[in-house]
Structure formats: structure tokens, C-alpha cells
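Chemist: can you look at this prediction? I've put the sequence above it.
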Amino acid sequence: EINFFFPKQQTLAVIKPDAMEEHRERILEEISGSGFSVTQLKEMVLSREMAEEFYKEHREKPFFSQLVEFMCRGPCMMLILTKENAVEEWRAMMGPTDPEQAKATCPNSLRARFASDILQNSVHGSSNEQHAEEKISFIFGDISSDCRDHRKRYQWY
Ligand code: RTP
Ligand code: MG
């Protein structure tokens, strides 16, 4: 039996435009220091259309247009993180959406340390596995879904 190693879960992480200049290196260090493998990575400026699609779940929210504006104001770093329980672990590392709440409840979280406010909050993470799959193929295309197909076909789970 051939034993290939395939990480058990993937999530999409984004370093948002507000954190790219000052905090990117530190965030990347923390990611690798926490046992995530970065299996894909790219820097890109989202178009307005892409930002709208990326956050389409929030279309009806009062902050939607500000959010879209913010997300395409400069480059983002897009990363696929792989680890067991990656979705939940990355969310835990980020901390709560609002940095004030993050400082109060998870002072070591990335948002507690690097976010400016509830909108410009330094990082994004998929909120569940289905989201992760959807956003990863939206940002990176078919590469990762190909991988998953192979795992299914050969039962490499
Ligand atoms: P994300 O999707 O970026 O990982 O953040 P999240 O799950 O913690 O928060 P979510 O509710 O999904 O909101 C998405 C992003 O919208 C901005 N936001 N602004 N002004 C506001 O009240 C407000 N609320 C949310 C933030 O950039 C948030 O991360
Ligand atoms: Mg969210």
C-alpha cells in the first residue's frame, strides 16, 4: 500500500489590505509557526466585482459597500492553509471580528494585535468547510478541487 500524505482539511486565509504593509510578515510567521502548511499563496488586488462575489453572503448588510471598497483598495495575500481542523484553528487564531472584543477575550489573536477596527480587521478565514471549498476555487481555480477528486477516487482519506 502506498501512503501519500494528504492534509485533512483546507481553509482560505486572506491578509486584508490594511495589514499588508506593516503586519504581513508577522502574520505569515505565525501561520507557519502554528503548524499550518501553506499549499498555495498569491498576492492580488481584488476587482470590485470579485470583492462583491467573495463577500456575497453579506450583500444585504449595511456595511457591504464599505467592505467591498476596503477589500479592493490594495493588494491582499491569498493563502490556502492545510492542517487537521484548519478551518476552526485559523478562525481561532484570527479572533473575533471586532478587535475591541478580540482584545478583551483573545488578546493573543491576530485581530487583537493587528486589526484597526471592525471593518479593517487584518485577516479573513472561511467560516466552514463548504465555504472554504467554494472560496478556494473562486480564488485559485480548479487546482484544489482536482486534488480532492483524486483523494476521493483513490480513497486517500
Ligand atoms: P471574515 O469573513 O472576513 O473572515 O470576517 P468574520 O467572519 O469575522 O466577519 P463577517 O461577519 O463574515 O464579516 C465580514 C467582514 O465584514 C467587515 N465587517 N464590518 N462595520 C461593521 O459592522 C462590519 N462588520 C463586519 C469585516 O471586515 C468583517 O471581517
Ligand atoms: Mg465571515
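Modeler: Sure, I can see it. Ligands and ions are numbered 1, 2, ... in the order given.

Chemist: could you pull out the helices for this structure?
Modeler: Under the criterion DSSP state H, the chain contains helices at 17-20, 24-33, 48-54, 64-71, 86-94, 99-105, 110-114, 129-140, 143-154.

Chemist: report the buried residues of the second one.
Modeler: Same thing as helix 24-33. For helix 24-33, burial by neighbour count (16 or more other CB atoms under 10 Å) applies to R24, I27, L28, E30, I31. C-betas here are computed from N, CA, C, even on glycine.

Chemist: show me what that helix is packed against.
Modeler: Judged by 3 or more CB pairs under 8 Å, 6 or more residues apart in numbering; DSSP states H and E, the packing partners of helix 24-33 are strand 10-15, strand 37-44, strand 76-82, helix 110-114.

Chemist: so which of the helices of the chain is nearest ligand 1?
Modeler: Closest to ligand 1 of these, according to CB to the nearest ligand atom: helix 64-71, at 4.5 Å.

Chemist: report the angle between the closest one and strand 10-15.
Modeler: Relative orientation of helix 64-71 versus strand 10-15 (axes from the mean of the first three to the mean of the last three CA atoms, to 10 degrees): 80 degrees.

Chemist: which residues are contacting helix 64-71?
Modeler: For helix 64-71, contacts defined as CB atoms under 8 Å, 6 or more residues apart in numbering pick out 16-18, 46, 48, 51-52, 54-55, 58, 61, 119-120.

Chemist: just the buried members of those residues?
Modeler: K16, P17, D18, L46, A51, E52, F54, Y55, L119, Q120.

Chemist: what's the fifth one in contact with, if anything?
Modeler: Which is A51. L67, V68, M71, C72.

Chemist: check the gap between the last one and K16 for me.
Modeler: Which is C72. C72 sits 11 Å away from K16, going by CB to CB, to the nearest Å.

Chemist: then the first one?
Modeler: Applying CB to CB, one obtains 10 Å for the distance of L67 from K16.

Chemist: get me the contact residues on this structure for ligand 1.
Modeler: By CB under 6 Å from any ligand atom, the residues of the chain that approach ligand 1 are H58, F63, L67, T97, I118, L119, N121, H124, G125, S127.

Chemist: can you add pLDDT and give those residues back as CSV?
Modeler: Converted to CSV, the residues of the chain next to ligand 1 look like this (pLDDT from 0 to 100):
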residue, pLDDT
H58, 98
F63, 98
L67, 98
T97, 98
I118, 98
L119, 98
N121, 98
H124, 99
G125, 98
S127, 97
